[in-house]
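Asker: Sharing a model prediction with you, sequence too.
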Amino acid sequence: MSETGKLAVEVVEFRPMDRNTLKGFVTVRIPAMRLTIRDCSVHESNGKRWIGLPAKAQIGRDQELVRRDGKVQYAAVFEFDSRAVGDAFSAAVLRALDAREGRAAA
């Protein structure tokens with residue numbers, strides 16, 4: 001469990017995946033809100049790590065996935081009011097993930 005402002009966050013599950021910057025997906029629980037957020041992405045690049053909120057694949061008028069340069073495009077489902085709040089959430093989730101996985105905090 002980790003603190004972010006007044007709300008503690010827990011990592012309920014981690015599913016590893018190694019594809020470019022993507023290192024896996026976490027399920028995050030915020031007990032005070034009785035909220036579980038599934039499929040937050042865990043990324044790492046150039047010595048930095050961050051958490052991405054879940055997103056949904058964009059579907060075109062033809063009911064096909066929207067692609068740009070061969071890559072599926074995604075639309076935000078959730079967003080934070082500011083970069084600082086998002087960064088604090090990301091840091092709290094990473095601390096909780098590190099504790100769960102027995103990894104020393106970076």
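Answerer: Noted; the coordinates are in hand. Numbers count the residues shown, from 1 in each chain.
Asker: And Asp98, how far from Ile30?
Answerer: Using Cβ to Cβ, to the nearest Å, Asp98 is found at 18 Å from Ile30. Heads up, the C-betas are built off the backbone N, CA and C, glycines and all.
Asker: ok, now which ones touch the residue nearest to Val93 when sequence neighbours are not counted?
Answerer: Using Cβ to Cβ, 6 or more residues apart in numbering and skipping residues adjacent in sequence, the residue nearest Val93 is Ile51, 4.6 Å away. The contact partners of Ile51, taken as Cβ atoms under 8 Å, 6 or more residues apart in numbering, are Val26, Val28, Cys40, Ser41, Val42, His43, Phe89, Ser90, Val93, Leu94.
Asker: which other helices and strands contact the helix or strand hosting the fourth one?
Answerer: The reference is to Ser41. Assigned by DSSP states H and E, Ser41 belongs to strand 35-45. The criterion is 3 or more Cβ pairs under 8 Å, 6 or more residues apart in numbering; DSSP states H and E, and the helices and strands that strand 35-45 contacts are strand 22-30, strand 48-52, helix 83-101.
Asker: Which SSE is immediately downstream of the helix-or-strand element of the chain with minimal mean pLDDT?
Answerer: Here the helix or strand of the chain ranked lowest by mean pLDDT, DSSP states H and E is strand 2-4, holding a mean of 46. Sequence-wise, the next helix or strand beyond strand 2-4 is strand 7-19, with elements assigned using DSSP H and E.
Asker: Name the residues that touch that following strand?
Answerer: Contacts with strand 7-19, where a contact means Cβ under 8 Å, 6+ apart, come from 1-3, 23-33, 36, 42, 89, 92-93, 96-97, 100-101.
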